[in-house]
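Trainee: Kindly return the folded structure for what I paste below:
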Amino acid sequence: QVQLVESGGGLVQAGGSLRLSCAVSGSILSSNIMGWYRQAPGKQRELVASITSGGSTNYADSVKGRFTISRDNAKNTMYLQMNSLKPEDTADYYCNADLWLNVAGTTRLHNYWGQGTQVTVSS
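Mentor: A predicted model of the protein is given here:
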């Protein structure tokens, strides 16, 4: 069974750093676009950053210059380096990925979500 397994959340003071990881577990053919989303209490889930299989990146304006998304295709793992954290970055962070799978001999693209990891930034 394919899953996205996140790690790296926690409590940090404003100005600090955290690194989130999202590892694909299970058998896949390859990964397509991957991304990090976050959802703060009482707010809608929003895209934080995304990265294509070729390494092209996209960031929300609120995190540009502070967060860096990267991936290791050989390890099927994606990362989010978060620097200069602010209290407004406090949220549950979710990874998302489009993954190519072999389903009964047919190549199919499926979308997956991780279980979420909490990031709390204290002022």
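
Trainee: Could you pick out the longest strand of the protein?
Mentor: If you go by DSSP state E, the chain has its longest strand at strand 91-103.

Trainee: any idea where the strands of the chain begin and end?
Mentor: For the chain, applying DSSP E gives strands covering 3-7, 10-13, 18-25, 30-39, 46-51, 57-59, 67-72, 77-82, 91-103, 106-113, 117-122.

Trainee: Now these in a markdown table, please, with extra columns for mean neighbour count.
Mentor: The way it works is simple: take the backbone N, C-alpha and C, and place the C-beta from them, glycine included. What follows is these, written out as a markdown table (neighbours: other CB atoms under 10 Å):
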| stretch | mean neighbour count |
| --- | --- |
| strand 3-7 | 17 |
| strand 10-13 | 13 |
| strand 18-25 | 19 |
| strand 30-39 | 19 |
| strand 46-51 | 19 |
| strand 57-59 | 15 |
| strand 67-72 | 17 |
| strand 77-82 | 22 |
| strand 91-103 | 19 |
| strand 106-113 | 12 |
| strand 117-122 | 17 |
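
Trainee: now those in TSV, with mean pLDDT?
Mentor: Below are the strands of the chain laid out as TSV (pLDDT from 0 to 100):
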stretch	mean pLDDT
strand 3-7	95
strand 10-13	98
strand 18-25	97
strand 30-39	96
strand 46-51	98
strand 57-59	98
strand 67-72	97
strand 77-82	98
strand 91-103	96
strand 106-113	96
strand 117-122	98
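
Trainee: hang on, the earlier thing: got the angle between the longest strand of the chain and strand 117-122?
Mentor: 160 degrees (axes from the mean of the first three to the mean of the last three CA atoms, to 10 degrees).
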